[in-house]
Structure formats: structure tokens, C-alpha cells
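1. Output the structure for:
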Amino acid sequence: MSHSVVLLVEDDPDTREMIGRFLEFEGFTVQFASNGRQALEFLSIEPTACVILLDLMMPVMDGWEFRRRQIREAALSRIPVIVVSAAGKDRIEQIHADDYLSKPVDLDELLTSVTRFCKPA
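-> Got it, this is the predicted structure:
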């Protein structure tokens with residue numbers, strides 16, 4: 001497992017670019033998926049992420065469905081998940097995420113959370 005690959009699952013291109021550039025500047029490698037299905041496809045080929053940043057409200061496959069499927073896959077269930085969402089924290093308790101950050105995301109909080117699971121290159 002790579003210690004610096006972050007999988008960012010986010011449908012909003014501006015948010016994806018802002019978070020991605022910030023994490024890359026901080027020394028992480030960022031892979032992108034615009035919905036849960038793309039994230040599962042990526043992870044089926046490259047299950048190397050040290051953490052998944054997961055939006056919840058996305059088209060095609062939302063974050064809740066992604067998480068249900070991730071938990072069922074032994075190779076993927078060990079990858080920590082940080083939910084990054086505008087949905088209230090009370091709405092995500094059942095998702096069993098390792099951390100939760102509300103949008104708009106505070107970049108210092110994001111970095112603190114990501115570095116709990118990953119080390120920059």
C-alpha cells in the first residue's frame with residue numbers, strides 16, 4: 001500500500017480541483033473519481049489508496065452506496081474513509097466513516113485528518 005495516495009471521490013469539479021491541488025502541494029498523490037462507481041472501478045484495479053475522501057451526494061452512485069459496497073470487499077474495507085460533505089454529521093453516523101469534515105472544507109482540518117492515515121511523499 002502506498003503511504004501517499006489519496007482517492008478523492010467528489011462530483012463537483014471545482015471542489016475536486018481545489019482539494020486535489022492542496023493535497024498535491026502538501027506532498028500527496030491524488031487520484032480522482034467523480035462518483036462511487038468510478039471509485040470502485042479505480043479501486044478494483046489499484047487498491048492502493050491510504051485514505052478515501054468521500055462526498056455523499058453524487059450522481060450515478062452516491063457515497064452511501066459506495067461505502068456499503070466498499071465494506072463488503074475485504075481488500076477495500078481496510079481503507080479508511082473521511083466523509084467530506086455538506087450533509088449534517090447526524091446523517092452520516094450510519095456510514096461508519098473514520099472521520100467527517102463538513103463543506104466548505106477547512107484545509108487545515110483536511111490536512112490534519114488525512115495525515116492521520118497517510119504520509120506525504
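2. Show me the longest helix that occurs in the protein.
-> In the chain, ranked by residue count with DSSP state H as the criterion, the top helix is helix 13-25.
3. what comes up buried for that one?
-> Within helix 13-25, the residues that qualify as buried by neighbour count (16 or more other C-beta atoms under 10 Å) are 15, 16, 19, 20, 22, 23. Where you see a C-beta, it was placed from the backbone N, CA and C, and this is true even at glycine.
4. Check the burial of residue 86 by counting its neighbours.
-> Each residue near residue 86 was counted by other C-beta atoms under 10 Å, and the total is 12.
5. quick one: contacts for it?
-> With C-beta atoms under 8 Å, 6 or more residues apart in numbering as the criterion, the residues that contact residue 86 are 57, 102, 103.
6. any idea how far the last one is from residue 86?
-> When you say that, I think you mean residue 103. To residue 86, residue 103 is 4 Å away according to C-beta to C-beta, to the nearest Å.
7. related to what we said a few turns ago, closest one to residue 109 out of the contacts of residue 86, please.
-> residue 102 (9.0 Å; C-beta to C-beta).
8. in its sheet, what does the helix or strand following the longest helix of the chain sit against?
-> Of the helices and strands lying after helix 13-25 in sequence (DSSP states H and E), the nearest is strand 29-33. The sheet places strand 29-33 alongside strand 5-9 (parallel), with pairing taken from DSSP bridges.
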